[in-house]
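Q: okay, structure incoming, though there's no sequence with it:
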């Protein structure tokens, strides 16, 4: 009888999707600036960050944050176009152990933290306690990912109105921005959900609920069409001074912030994802 030795099948490279913010008008034309990186089984997180450093535009005096849409993984400091260094947010390890399949890069310069008061004209610096740009970026990203969204996706219902029938449209979460005043959720299909002044939030792995909000915006591209501005659609729900819900729907360019007709929301919650 012949015995054949079992050979463990070698795993192929991980496909990592990386995109970045636009840094100029030329970037806006070619956006999204996305690239697929093959990552070998033995490569580490720092190996991947090195690849991203080579992929990013060479700039002076900027900091790039690298995040999964849920948490920050690294910061890249570009002192000059030819000199950079990076800092990991956790201990370096094999990339295969991270379960990361998507990374987004945001860039920051000093001017991003300077504002002009509309009344006095006085210049205001955000995070004045931070002397270095990197420290300001860390404070900003710490606020950006203040809370972690536990649900990974689901059907979306706004004030009792489903986007499609319940269970028909499953929207997979891509990135989240959660601050005290707003929650922004971006989905892999190109849809986005913006919630202003969320109140009484239920955040579970199988259910996400916002009981009340002053404004909810649902944005999506016409399905089957190119994801460009002319194909961008919106449903807007906002509360007026009497606490009634006004609803507007149409192409993004046609829906104004103060538009809408009365919508019978009843006792439904502002947002439900399940």
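A: All right, it came through fine. Computed from a predicted structure; not experimentally measured.
Q: distance of the residue nearest to residue 82 when sequence neighbours are not counted relative to residue 78?
A: Residue nearest to residue 82 in three dimensions, not counting chain neighbours: residue 58, with 7.3 Å by Cβ to Cβ, 6 or more residues apart in numbering. Yep, even glycine has a C-beta here, placed from its N, CA and C like the rest. To residue 78, residue 58 is 7 Å away according to Cβ to Cβ, to the nearest Å.
Q: looking at these two, which is more packed in?
A: residue 78 (22 against 13; other Cβ atoms under 10 Å).
Q: adjacent strands (with direction) for the helix or strand hosting the more buried one?
A: Under the criterion of DSSP states H and E, residue 78 resides in strand 72-80. Strand 72-80 pairs in its sheet with strand 62-67 (antiparallel), strand 83-88 (antiparallel), by DSSP bridges.
Q: among these, which comes closest to residue 207?
A: Ranking the strands paired with strand 72-80 by proximity to residue 207 (Cβ to Cβ) places strand 62-67 first, at 24.7 Å.
Q: in the stretch 1-150 of the chain, which spans are helices?
A: 25-30, 45-55, 133-144 (DSSP state H, counting those that start in this stretch).
Q: okay, the ones you listed in CSV with mean pLDDT and distance to residue 65 next?
A: As requested, those are exported to CSV (pLDDT from 0 to 100; distance: least, Cβ to Cβ, whole Å):
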stretch, mean pLDDT, distance to residue 65
helix 25-30, 64, 17
helix 45-55, 96, 11
helix 133-144, 90, 5
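Q: quick one: low-confidence ranges for the stretch 101-250 of the chain?
A: 166-168 (pLDDT under 70).
Q: would you map the strands across it?
A: 102-108, 114-116, 123-125, 153-154, 156-158, 161-162, 171-178, 182-187, 192-196, 199-203, 208-212, 215-221, 232-239, 245-251 (DSSP state E, counting those that start in this stretch).
Q: could you dump the ones you listed into a markdown table with distance to residue 33 and mean neighbour count added?
A: Formatted as a markdown table, the strands of the stretch 101-250 of the chain follow (distance: least, Cβ to Cβ, whole Å; neighbours: other Cβ atoms under 10 Å):
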| stretch | distance to residue 33 | mean neighbour count |
| --- | --- | --- |
| strand 102-108 | 9 | 19 |
| strand 114-116 | 26 | 11 |
| strand 123-125 | 29 | 11 |
| strand 153-154 | 25 | 18 |
| strand 156-158 | 27 | 23 |
| strand 161-162 | 33 | 15 |
| strand 171-178 | 15 | 18 |
| strand 182-187 | 16 | 20 |
| strand 192-196 | 18 | 20 |
| strand 199-203 | 31 | 13 |
| strand 208-212 | 30 | 18 |
| strand 215-221 | 18 | 20 |
| strand 232-239 | 19 | 20 |
| strand 245-251 | 25 | 17 |
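Q: which of these sits closest to residue 96?
A: It's strand 102-108; of those, that one is closest to residue 96 (Cβ to Cβ) at 14.8 Å.
Q: who's the closest residue to residue 74 other than its chain neighbours bridged to?
A: Nearest-residue entry for residue 74: residue 66, 4.4 Å, with adjacent residues in sequence omitted and distances by Cβ to Cβ, 6+ apart. With DSSP bridges as the criterion, residue 66 is bridged to residue 74, residue 105.
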